[in-house]
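Enquirer: attaching a predicted model along with its sequence, questions to come.
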Amino acid sequence: MNIGIIGSGTMGSGIAQVAATSGYKVKLFDTNQAALDKARVALEKILARLVEKGRIVTSEKDRIQANISYVETLKDLSDSNLTIEAIVENLEIKKNLFSELESYVSDACIIASNTSSLSIASIASSLQKPERCIGIHFFNPAPLMKLVEVVPAIQTSQEVLETSVKIIKDWKKTVAVAKDTPGFIVNRVARPFYGEALRIYEEGIASFETIDSAMKNIGGFRMGPFELMDFIGNDVNYTVTETVFTAFYFDPRYKPAFTQKRFAEAGYLGRKSGKGYYDYDKNGHLIQRDSVIQPENEEPLKQLIFNRILVMLINEAADALFLNIASAEDIDNAMTKGVNYPKGLLAWADEKGMDWCVSKMDELYNEYHEDRYRCSPLLRKMNNENKTFF
Ligand code: NAI
């Protein structure tokens, strides 16, 4: 099976490595020769390191490299069975590319996009045969992250969906099938992890450090929200939030925070700029602050913070299920495999109990009277019927 990948940047080169490692023949195309060269050199380095660590043998490295060819025209992808586009996030540019690509490939070729934020239906509309179009959304870095969201558009045929899922599973990835809605699963359900943390900070309830510590020490998250926003980049994370907020017709649940906007505007982007919510040295390592004087016993406060962020995440996951964005299994897999949450949010809801979830949401709503804190109808219904997700 031949795979064509368009765009040899961060994502395209990672996806090429994944497919080539599973024995598929890959052609990687980019309009920028320097980007192609960079991808080739980067892959050489990554594979050499894997050999050094004893993770693969030299013959394996050679085999993976031989599976990838670097091509200079779109027409070179004409013998592809599946193409995955990972170019700049711009609808018009993607549509023009798709329509040109369709004139070169066979009728049976699946044409996929790795877009994070554009609707698959709008991209598919540029094709003569829109039923062959689908979203195949990898996470960064593609070779390491287990999850791939597969997103059929309303035009996508069942056969294209099934074949795509089969191929991605063959690449040893966990597939979550998601409805073509803003943020798909992960970028939608994860919003409160950042948004509620920022809100708690803005209300003056706790510092970045205390909020991060609550999520790590009580919740078992690998990184706290502020550490994670610094890692992702405040510019990138803010843009995702704003895009999701706009796409959801300004639903207050996704409202971006001024704190993060100002950090992005000031150039306090996080690790990559040396300063964000924390300070970093030139290798991106955290510079420990002089110890800030903390109140004697912060445990009750941390418990409160953790409960508030967790219940907002659970509420978002339950609402995604309520609106048929994905199955309960796929929603939980998406969060554990796509963003390394310690537990699936719906399984966490079962553990905490539906009455706990509903009463925590109602407490927040009664305190603030904001639509942001409305409890998902599904949580309420399940509580009334004494049901669990699993
Ligand atoms: P990037 O900027 O690293 O790479 C994009 C590449 O596409 C560049 O090498 C550029 O020269 C090339 N390109 C631009 N226009 C082209 C065209 N018309 N034909 C061929 N090549 C062209 O971007 P990145 O981060 O790899 O993102 C690519 C896509 O993947 C975007 O749609 C993005 O939303 C999506 N995505 C990005 C993730 C991330 O964390 N970076 C995660 C998941 C999806």
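Expert: All right, it came through fine.

Enquirer: helices of the stretch 51-200 of the chain, start to end?
Expert: Along the stretch 51-200 of the chain, counting by DSSP state H, counting those that start in this stretch, helices occupy 58-67, 91-102, 120-124, 158-170, 186-189, 191-202.

Enquirer: turn the ones you listed into a markdown table, including mean pLDDT and mean neighbour count.
Expert: Heads up, the C-betas are built off the backbone N, CA and C, glycines and all. Formatted as a markdown table, the helices of the stretch 51-200 of the chain follow (pLDDT from 0 to 100; neighbours: other Cβ atoms under 10 Å):
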| stretch | mean pLDDT | mean neighbour count |
| --- | --- | --- |
| helix 58-67 | 97 | 14 |
| helix 91-102 | 98 | 16 |
| helix 120-124 | 98 | 22 |
| helix 158-170 | 98 | 16 |
| helix 186-189 | 97 | 25 |
| helix 191-202 | 98 | 23 |
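
Enquirer: what parts of the chain come near the ligand?
Expert: Counting by Cβ under 6 Å from any ligand atom, the chain comes close to the ligand at 6-12, 30-32, 35, 86-89, 93, 97, 114-116, 138, 140.

Enquirer: and for this protein, the residue most distant from the center?
Expert: Most distant from the centre of the chain: residue 296, at 37.5 Å, with distances by Cα atoms, centre = their mean.

Enquirer: and stretch 361-381, how far from the chain's centre?
Expert: 26 Å (Cα atoms, centre = their mean, to the nearest Å).

Enquirer: now the helices of the stretch 51-200 of the chain as TSV including distance to residue 261?
Expert: Formatted as TSV, the helices of the stretch 51-200 of the chain follow (distance: least, Cβ to Cβ, whole Å):
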stretch	distance to residue 261
helix 58-67	42
helix 91-102	24
helix 120-124	27
helix 158-170	35
helix 186-189	18
helix 191-202	10
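
Enquirer: my guess is residue 127 contacts residue 100. True?
Expert: No: applying Cβ atoms under 8 Å as the test, residue 127 and residue 100 come out as separate, 10.7 Å apart.

Enquirer: contacting residues for residue 77?
Expert: 4, 6, 27, 29, 71, 83, 101, 104-105 (Cβ atoms under 8 Å, 6 or more residues apart in numbering).

Enquirer: repeat for residue 165
Expert: Residue 165 touches 150, 175, 177, counting by Cβ under 8 Å, 6+ apart.

Enquirer: verify the stated contact: the second one with residue 150.
Expert: Going back to what we said before, that points to residue 175. Yes: the pair formed by residue 175 and residue 150 meets the contact definition of Cβ under 8 Å, at 5.4 Å.

Enquirer: overlap in contacts, the two.
Expert: Joint contacts of residue 175 and residue 150 (Cβ under 8 Å, 6+ apart) are 165, 168.

Enquirer: show me the contacts for the residue of the stretch 251-390 of the chain found nearest the ligand.
Expert: For the stretch 251-390 of the chain and the ligand, the shortest gap (Cβ to the nearest ligand atom) falls at residue 338, measuring 10.1 Å. Residue 338 makes contact with 139, 145-147, 149, 176, 185-186, according to Cβ under 8 Å, 6+ apart.

Enquirer: residues near the residue lying closest to residue 279 once chain neighbours are set aside, how many?
Expert: Using Cβ to Cβ, 6 or more residues apart in numbering and skipping the chain neighbours, the partner closest in space to residue 279 is residue 287 (4.4 Å). By other Cβ atoms under 10 Å, 10 other residues sit near residue 287.

Enquirer: now swap in residue 302 and tell me
Expert: By other Cβ under 10 Å, 20 other residues sit near residue 302.

Enquirer: dump the residue contacts of residue 7.
Expert: By Cβ under 8 Å, 6+ apart, residue 7 lies in contact with 29-30, 85-88.

Enquirer: how does it look with 7 Å?
Expert: 30, 85-87 (Cβ atoms under 7 Å, 6 or more residues apart in numbering).

Enquirer: looking at the stretch 151-300 of the chain, which residue is nearest the ligand?
Expert: Taking Cβ to the nearest ligand atom, the stretch 151-300 of the chain has residue 236 as its residue nearest the ligand, at 7.6 Å.

Enquirer: about what we covered before: select, out of the helices of the stretch 51-200 of the chain, the one closest to residue 378.
Expert: When these are compared by Cβ to Cβ, helix 186-189 sits nearest residue 378, at 13.6 Å.

Enquirer: find the closest residue to the ligand in the stretch 1-150 of the chain.
Expert: residue 9 (1.8 Å).

Enquirer: list the backbone torsions phi and psi for that residue.
Expert: phi -80, psi -150 (degrees, to the nearest 10).

Enquirer: pLDDT at it, what is it?
Expert: If you check residue 9, the pLDDT there is 94.

Enquirer: tally of neighbours for residue 90?
Expert: Residues within reach of residue 90, counting by other Cβ under 10 Å, total 12.

Enquirer: ditto for residue 380
Expert: 16.
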